[in-house]
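Asker: Take this sequence and fold it.
(chains A, B and C)
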Amino acid sequence: MNNPRSASSSVSPATPDLLDNHRQSSSGEFSRLEKRTGPRKMTFHSKSMPRGSMFLDHEAFRNCHDKSSLQEEDKEITEPLTADRFFDALQGPELETLKEKEKIVLPEDKTWPFLLRFPITSYGMCLGVSSQAIMWKTLATTKAEKFLHLTQVVNHMLWWISLLLLLAVSITYLFKTIFFFQAVRREFKHPIRVNFFFAPLISVLFMALGIPHSITSNLPSILWYFLMAPLLFLEMKIYGQWMSGGQRRLSKVANPTNHLAIVGNFAGALLGASMGLEEGPMFFFAVGLAYYLVLFVTLYQRLPTNETLPKELHPVFFLFVAAPAIASMAWTQLYGSFDIGSRLYFFISLFLYFSLVVRINFFRGFKFSLAWWAYTFPMSAVATASIKYSGEVTGVATQVLSVVMSGAATLMVIGVLVLTVVHAFVKRDLFPNDVAIAISAEPPKQKKWFKQIKNGSFGNSMRCLKVSDQDDNQIDVEAPPLLNARTV
Amino acid sequence: MNNPRSASSSVSPATPDLLDNHRQSSSGEFSRLEKRTGPRKMTFHSKSMPRGSMFLDHEAFRNCHDKSSLQEEDKEITEPLTADRFFDALQGPELETLKEKEKIVLPEDKTWPFLLRFPITSYGMCLGVSSQAIMWKTLATTKAEKFLHLTQVVNHMLWWISLLLLLAVSITYLFKTIFFFQAVRREFKHPIRVNFFFAPLISVLFMALGIPHSITSNLPSILWYFLMAPLLFLEMKIYGQWMSGGQRRLSKVANPTNHLAIVGNFAGALLGASMGLEEGPMFFFAVGLAYYLVLFVTLYQRLPTNETLPKELHPVFFLFVAAPAIASMAWTQLYGSFDIGSRLYFFISLFLYFSLVVRINFFRGFKFSLAWWAYTFPMSAVATASIKYSGEVTGVATQVLSVVMSGAATLMVIGVLVLTVVHAFVKRDLFPNDVAIAISAEPPKQKKWFKQIKNGSFGNSMRCLKVSDQDDNQIDVEAPPLLNARTV
Amino acid sequence: MNNPRSASSSVSPATPDLLDNHRQSSSGEFSRLEKRTGPRKMTFHSKSMPRGSMFLDHEAFRNCHDKSSLQEEDKEITEPLTADRFFDALQGPELETLKEKEKIVLPEDKTWPFLLRFPITSYGMCLGVSSQAIMWKTLATTKAEKFLHLTQVVNHMLWWISLLLLLAVSITYLFKTIFFFQAVRREFKHPIRVNFFFAPLISVLFMALGIPHSITSNLPSILWYFLMAPLLFLEMKIYGQWMSGGQRRLSKVANPTNHLAIVGNFAGALLGASMGLEEGPMFFFAVGLAYYLVLFVTLYQRLPTNETLPKELHPVFFLFVAAPAIASMAWTQLYGSFDIGSRLYFFISLFLYFSLVVRINFFRGFKFSLAWWAYTFPMSAVATASIKYSGEVTGVATQVLSVVMSGAATLMVIGVLVLTVVHAFVKRDLFPNDVAIAISAEPPKQKKWFKQIKNGSFGNSMRCLKVSDQDDNQIDVEAPPLLNARTV
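Answerer: Modelled structure (predicted):
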């Protein structure tokens, strides 16, 4: 294994393809993400092949590594990516930025079709606005807040806005699903993005919760079953992945966005209980509680294997606050009063909220994205819970608390709205090229690793070692390529 | 350390023993697992020594590694194995299969005495049948299931069958303890098997719970104390090991079979509460809850250090369902009604159940073993809980649910029964040689590692590295022998 | 380490400083830990520099490793230490012992000023005595214990003793803060010690809880807010660190002493509820519960990344018992009766207590330290809880339990008191030099690593590898320097 065959001039058989590929039109490249690429097999290895790399090393690599990846070059973009591939190629708190040296399979230098740039995270906007609708509805209908003399007009307005927004986003995303099905599929495979697929379902739940009294006060309970069924199926899939030990197991994908997969349970329980149902909402509450527990502990532990957990605090951490805040309201509805259980959840969310707020500097230095909208709805949720709390424990302190919280939530939403408008119309970069869906299926080859290492037995075996580290997706999380990182 | 002393002719002092050992009769080999081997010191290193291995390497190894294991060759089979040794030598979801290159200390090619092949997992049958007895008792006595017109005959029959089964298994295992004490001891040291030592205790609890009304409806409460005392002691030992940081710490041994160590608490609490006791059952409930929490989170996280956790889903995962199902019933008894707490546990077990059922393909491709019986009792438990639930929330839906669940549980037990009969009488392999108790105390030596590596400073140091990796039990979990795996 | 290359004459450029430093008076060295060292920049690298070290290796290291630490030599002792530095330089269950080869920046061979040797762990004494005051108060005032005919004199005496103790310790530590601010700062940075900064706050809470009825039965509730405010701030800081992903994240610093950061919540909730407050105590109870859960699971898992968790059982583990015992009493006060919730917490603490007691041998072979006082208060806490329990569930069994528990707690406190007196006045080593605050900011250089390795490509690259392993604080927990440990 160690003796390098004296690798000579051999030109890689992939080279002709490489050139050919360059001549392809970019529209052809987009087409690969479309619904059906049919039997046409488009290669894209040219992007991931190092041009002018040292052949010698490639030969050595081929010798060292029997299941060489060279023969896998002819894969299509439609090939499903492994979760590990996402971890390898992307970085950032939302795994949204391409790592250095990685290439994408779509042209980097031009703007892609709008639908391709329209991510599932856009549903964050619906979450943000519809949660505000709920908050203003609660503000207007809670006795303890009567002194504010609010009418339900704000709720009404926000609800209609969020309805329009939800329709607009849904129709656009529907078109994306139709025309670029593979792109949607890749978003669903993306370890972080997949959590945002709960966002449309939660948005609809929020719409139902925030519906103005003037429209209806009694939604039919059949609606609840219709809304919860897809949620249940999606949960079974996602929670099953957490347990089943593959690349998407919890110790690997744990990230605050997982809360989106939990929040739906509590929001559904709240909606169901407010409709007068009992068993169903209790079911979702129980499931939510069990998995929230697992998630809370896991996220707090910051296991070294949690690859997607941002190293630094980040707006995404506000999602911590959402689940207990909504759980508090759900428990109140289920139990009929804001009892000791409701307080438990509410106080936990309050403490988490404050401990995040005092570390406020994490709003600086981060690139704005549509996902931020999702990170603002927890503030509306905890504000709504504190309004409910002020309805139970009357007094100036609780009134001040709920007004301050509501104000902060509204200001935050306005702030994010302004950022969105600026990015949409001034900077015109609200929908940048979505590199997360365009990563290549295979990692880039390494070049020029061994410049200083002389020929010899050690050099050769080390070379094998390194190359195999680089190319082996199976390398274990808990054993970072120590040698690799240090010797080179 | 690196310069190999020029290893010369020296014949290993172990060689005469090696030859001598080969002449031993196999009955002598079995005798090592008997109750008392007395002062006779039987060596078994011959099995684990590579025959005709390169002496040079041995010499090198001895030079590299001061605390060489060569001097430890004269150990008896009665020597207690470390937990790490089990991890090293065995594999499979129940750590029941020998890894390649490992040798066992009993003859592989002949069938061992029956008692040696009779594992503690046989108690799984008792769990399976007695839990069915409870389920049919509950079916016959719950008002909501009156429409089925069931009598208590099935309960009666199943109870007597499980009594006979329990006696048969217990007597057999008692004989094993008497005649092959060391084999029992090794089962107790086995990281997975040890959990099955809870099975006899839980079986008795199940017998007490499922006792037909025609025999007695009022068990004396003194019985409860007698049953729970050994459970408490065993728990203190096992939970203590989880915490105390040795090789059996939780982050290493976590496996769904650990649920067996928890279920006893809830079963005991249920029995005690149904006898009218209060404080004792509450004690066990509280302890069970605390440790279930720890276990649930740990198993869901799938820490990379959980060496015994099956990589793939496997019937063992059904044990997840048992604890909350029984906790639900215990809480109902303790609190006096199927209240919100009972629902919490019941719904959690229901969700876990369904999320396992939809991933049904894991019943294919696995080797049947007696342990499967233990994996079926959770289905009976959740069916019983759903019958209790249907007694609280009356309606067609809950009736259908409980009938379906009960049917599924009964079918599963029948299925496993058929498999057992087939393996017992047709294939005649129900009790295969139990390699898990016969692993050698020391790992196999590696041969021919270095064929291609030339002499030189690198070769020498690498040799040390590899050999010490291979022989060092202390090697840390989180640092798999990276170098080793790649360079060779 | 292997065959020392004859390291030659070369004088390190640091030598002049080194000599100069030797001439410094030791009072000058202590002054570095004083409040303000002003602009004077005292170097202390002489301690950590290998004298007469090989230039060649340093050169090699400098070549391998661009951000060489050589230029960082001129740092002051006032420089804040990273958490990693503490992990690297110290060992032992309380990270209180210097690792081999590490140097400290204060003279090892003479006794330091008393204030420098007075650690924050001294507050353990206040915890131990004041918790006894509470226990004796509860014993004297619980009806079920009337048969003991105890008066409140013991409570009275103990309370005054603990008041004096608290004042003495606080004044001494105040002086330390004034005169050796940097030493206090280093204690606060110490991953274990920082938890003891909760001890003064908890001590005051215990004083308020144990106040004799003859002094007052009604403390003003404003006092509660004054006591809890600093606790809240400290918690936000510490819990925030657990989550925020730096070197002090929970998966790294988890240690039973973290319980001190939780206990305050329950003690505060208990005090507040006994004052008649409701919402505030509930808030702290909720927060305590959430974080206790995280801590309990994390500690039980014994993650390999928990660097500060003692490998063996140790008195520190008794802290496990404190939180649920106090939570039980707090819940009783909040809910108005010793209900099922109180029992849950009480039984959990009881089980933990017993499972620690049966593993009693861990009191042997450990060096006594003042921290042990902190490890005794949980026994008083669980004894107090069992007295309360005996007040709810009357009977001989509970009376025996509470008397036994109280006796054990008192005996333990007496035992630790005797040890303290012996160490203070007989052995005169109660306050040894506190090396934990005097570790050098940079790790010791390694010398003579490569003696046997010949020049050549392998030797050079390995050299880089090793040196960088040694010097890189960023090295990941889960990848112990495998190669390093084995090849040398």
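Asker: Pick out the residue of the stretch 251-400 of chain A closest to chain B.
Answerer: Checking the stretch 251-400 of chain A residue by residue against chain B with C-beta to the nearest C-beta singles out A:Ala286 as nearest, at 3.7 Å. For every residue, glycine as well, the C-beta is placed using N, CA and C.
Asker: which residue packs closest to that residue, ignoring adjacent ones?
Answerer: Of all residues not flanking A:Ala286 in the chain, B:Phe347 sits nearest, at 3.7 Å (C-beta to C-beta, 6 or more residues apart in numbering or on different chains).
Asker: Can you verify the one you found is assigned to a helix?
Answerer: Yes: according to DSSP: H, G, I helix; E, B strand; the rest coil, the state of B:Phe347 is that of a helix.
Asker: quick one: contacts for it?
Answerer: With contact taken as C-beta atoms under 8 Å, 6 or more residues apart in numbering or on different chains, B:Phe347 is in contact with A:282-283, A:285-287.
Asker: Show me these that map onto helices.
Answerer: A:282-283, A:285-287 (DSSP state H).
Asker: surely A:Met405 meets A:Ala383?
Answerer: Yes: with contact taken as C-beta atoms under 8 Å, A:Met405 and A:Ala383 are classed as touching, separated by 3.9 Å.
Asker: and the two? which has more neighbours close in?
Answerer: Residue environment comparison for A:Met405 versus A:Ala383 gives the larger neighbour count to A:Ala383, 30 against 23, counting by other C-beta atoms under 10 Å in any protein chain shown.
Asker: Could you say which helix or strand holds that one?
Answerer: A:Ala383 is part of helix A:372-392 when elements are defined by DSSP states H and E.
Asker: Against which helices or strands is that helix packed?
Answerer: helix A:123-141, helix A:319-335, helix A:340-357, helix A:396-421 (3 or more C-beta pairs under 8 Å, 6 or more residues apart in numbering or on different chains; DSSP states H and E).
Asker: Check the offset of the longest one from the chain's centre.
Answerer: Its chain's average C-alpha position is 24 Å from that of helix A:396-421, according to C-alpha atoms, centre = their mean, to the nearest Å.
Asker: Now that helix: buried residues?
Answerer: A:398-399, A:401-403, A:405-406, A:408-410, A:412-413, A:416, A:419-420 (16 or more other C-beta atoms under 10 Å in any protein chain shown).
Asker: and the gap between A:Ala438 and C:Gln132?
Answerer: Distance check for A:Ala438 against C:Gln132: by C-beta to C-beta, to the nearest Å, it reads 67 Å.
Asker: With A:Val422 instead?
Answerer: Relative to C:Gln132, and taking C-beta to C-beta, A:Val422 is found at 63 Å.
Asker: So the two - more neighbours on which side?
Answerer: Summary of the neighbour comparison: A:Val422 and C:Gln132, criterion other C-beta under 10 Å, with C:Gln132 having more neighbours (30 against 14).
Asker: related to what we said a few turns ago, tell me which two in the contacts of B:Phe347 are the farthest apart.
Answerer: A:Met282 and A:Val287 (9.8 Å; C-beta to C-beta).
Asker: what residues does stretch A:271-291 touch?
Answerer: With contact meaning C-beta under 8 Å, 6+ apart, stretch A:271-291 is reached by A:205, A:208-209, A:218-219, A:221, A:224-225, A:227-228, A:235, A:239, A:261-266, A:268-270, A:323, A:327, A:330-331, A:333-334, B:296, B:340, B:343-348, B:350-351, B:393.
Asker: What subset of those is buried?
Answerer: Under a neighbour-count criterion of 16+ other C-beta under 10 Å, the subset of the contacts of stretch A:271-291 counted as buried comprises A:205, A:208-209, A:219, A:224, A:227-228, A:235, A:239, A:261-266, A:268-270, A:323, A:327, A:330-331, A:333-334, B:296, B:340, B:343-348, B:350-351.
Asker: ok, how many other residues are close to A:Leu98?
Answerer: A count of nearby residues for A:Leu98, using other C-beta under 10 Å, gives 18.
Asker: Same question for A:Ser217.
Answerer: Residues near A:Ser217, counting by other C-beta under 10 Å, number 9.
Asker: Excluding its own residues, what touches stretch A:136-151? List them.
Answerer: With C-beta under 8 Å, 6+ apart as the contact definition, stretch A:136-151 has outside contacts at A:152, A:154-155, A:158-159, A:210, A:212-213, A:384, A:387-388, A:390-391, A:394, A:398-399, A:402-403, A:406.
Asker: can you give me how far it is from the chain middle?
Answerer: For stretch A:136-151, the distance to the chain centre is 34 Å (C-alpha atoms, centre = their mean).
Asker: Next, the contact list for the nearest residue to A:Ile120 once chain neighbours are set aside, please.
Answerer: Spatially, and ignoring its direct neighbours in sequence, A:Ile120 is nearest to A:Phe196 (4.6 Å; C-beta to C-beta, 6+ apart). Residues counted as contacts of A:Phe196 (C-beta under 8 Å, 6+ apart) are A:119-121, A:123-124, A:187, A:257, A:260, A:371, A:374.
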